[in-house]
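Engineer: I would like to see how this sequence folds:
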Amino acid sequence: MSEFKINLTDRRRILVQLFYRYALTNSDISVIKQDLLDETQEKLDIPTFEIANKVADQIFEIIDVIVPVLSIKWQWERIPAYVQSALIIGTYEIKNTDTPKPVTINEILKLIKFAMPDYEYKYVNAVLDKMEKPNG
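Structural biologist: As a prediction, the model looks like this:
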């Protein structure tokens, strides 16, 4: 694993892209974890690697937190894979880090707007806004 340090904005982008790849291929968690160990070690700093592992370990619990706040019109399976990945990373960050919720939401929205300019980003904003930080 590299000794370099990845800034928070790049870390979010890398994590969303990483989990997007697995969402597209419908990979098992064991595949994700093995890939983290094999293929991506040189591309990730230690904190990013650790977060990726934590998200992989908690992915089903994170999705279980997201699904109840989706609007009636939306089903998890119908949400584009990139948006699913962004919601997973955004929810994880809101629930598990000290980063202020508005900062997380803003950064995730930037990723959505860049990767999917025609997607209704306000929907992502609404879903992430419903997430509560522990103790606050």
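
Engineer: Quick check on Ile63: phi, psi?
Structural biologist: phi -60, psi -40 (degrees, to the nearest 10).

Engineer: Tell me how many other residues surround it.
Structural biologist: Applying other CB atoms under 10 Å, we find 14 other residues in the vicinity of Ile63. In short, each C-beta sits where N, CA and C put it, glycine included.

Engineer: Would you check how far apart it and Val55 are?
Structural biologist: Distance of Ile63 to Val55, given as CB to CB, to the nearest Å: 11 Å.

Engineer: Likewise for Pro68?
Structural biologist: On the measure of CB to CB, Pro68 and Val55 end up 19 Å apart.

Engineer: before we move on, what about Arg11?
Structural biologist: 11 Å.

Engineer: ditto for Lys101
Structural biologist: As judged by CB to CB, Lys101 and Val55 stand 18 Å apart.

Engineer: So for the two, which sits in the more crowded spot?
Structural biologist: A count of neighbours by other CB under 10 Å puts Val55 above the other of Lys101 and Val55, at 21 against 18.

Engineer: so what's the more buried one closest to, chain neighbours aside?
Structural biologist: The shortest distance from Val55 to any residue other than its chain neighbours is 5.2 Å, reached at Tyr92 (CB to CB, 6 or more residues apart in numbering).

Engineer: what's the burial count for that neighbour?
Structural biologist: By other CB under 10 Å, 22 other residues sit near Tyr92.

Engineer: One more: Val127?
Structural biologist: Using other CB under 10 Å, Val127 has 23 other residues around it.

Engineer: Can you pull the residues that touch both of Ile63 and Val55?
Structural biologist: Overlap of the contact sets of Ile63 and Val55 (by CB atoms under 8 Å, 6 or more residues apart in numbering) consists of Ile88.
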